[in-house]
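Student: can't give you the sequence, but here's the structure:
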């Protein structure tokens, strides 16, 4: 396969071009393959086509918000085990709880640093690869 062992395929879903761009730069510096989506609908087709190892998903998006997007991904048996980390500009307890309810693994407050982003990838990066 084209991916090397250390790099993950990461999908970043955010309607902000700035956030998408900085996430892409940080992740590429960390040696990961990056896929970008502007909204939930865009994201769902990319999840299907590219099967990412990890997904960062903004909460506040037009049309389909992050909670709905996460819930749809998690409802699909093929992708239910893919970790989803919610992104939000608010550091709210309610948002975190709601994110967990739809199946997200964690929560990152924007603006995030390169270290925070890469640490989240390391934390949720596929554990089974080490076993095989």
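Tutor: Thanks, I have it. Treat the numbers as computed from the prediction; the structure is a model and nothing was measured.
Student: Now the element after the longest helix seen in the chain, going C-ward?
Tutor: In the chain, taking DSSP state H as the definition, the longest helix is helix 17-29. The C-terminal neighbour of helix 17-29 among helices and strands, as given by DSSP states H and E, is strand 33-37.
Student: helices and strands around that next one, which ones?
Tutor: Contacts defined by 3 or more CB pairs under 8 Å, 6 or more residues apart in numbering; DSSP states H and E place strand 33-37 against strand 9-13, helix 17-29, helix 40-50. Heads up, the C-betas are built off the backbone N, CA and C, glycines and all.
Student: Pick the most deeply packed of the ones you listed.
Tutor: The densest packing among these, expressed as mean neighbour count by mean count of other CB atoms under 10 Å, is seen in strand 9-13 with a mean of 25.
Student: okay, the angle between that one and strand 33-37?
Tutor: The directions of strand 9-13 and strand 33-37 differ by 20 degrees, with axes from the mean of the first three to the mean of the last three CA atoms, to 10 degrees as the criterion.
Student: Show me what strand 9-13 pairs with in its sheet, parallel or antiparallel.
Tutor: The sheet places strand 9-13 alongside strand 33-37 (parallel), strand 54-58 (parallel), with pairing taken from DSSP bridges.
Student: Among those strands, show me which one is buried the most.
Tutor: Each of those was given a mean neighbour count from mean count of other CB under 10 Å, and the largest, a mean of 26, is that of strand 54-58.
Student: quick one: that one to helix 17-29, angle?
Tutor: 160 degrees.
Student: can you give me the angle strand 54-58 makes with helix 40-50?
Tutor: An angle of 170 degrees separates the directions of strand 54-58 and helix 40-50 when computed by the same axes, to 10 degrees.
Student: start the count at 45, not 1, going forward
Tutor: Sure, I'll start counting at 45 from here, so that last one is strand 98-102.
Student: same question for strand 98-102, mean pLDDT?
Tutor: Predicted confidence along strand 98-102 averages 98 (mean pLDDT).
Student: Assign residue 124 to helix, strand or coil.
Tutor: Judged by DSSP: H, G, I helix; E, B strand; the rest coil, the three-state class of residue 124 is coil.
Student: wait, residue 101 sits on residue 114?
Tutor: Yes: with contact defined as CB atoms under 8 Å, residue 101 reaches residue 114; the gap is 5.6 Å.
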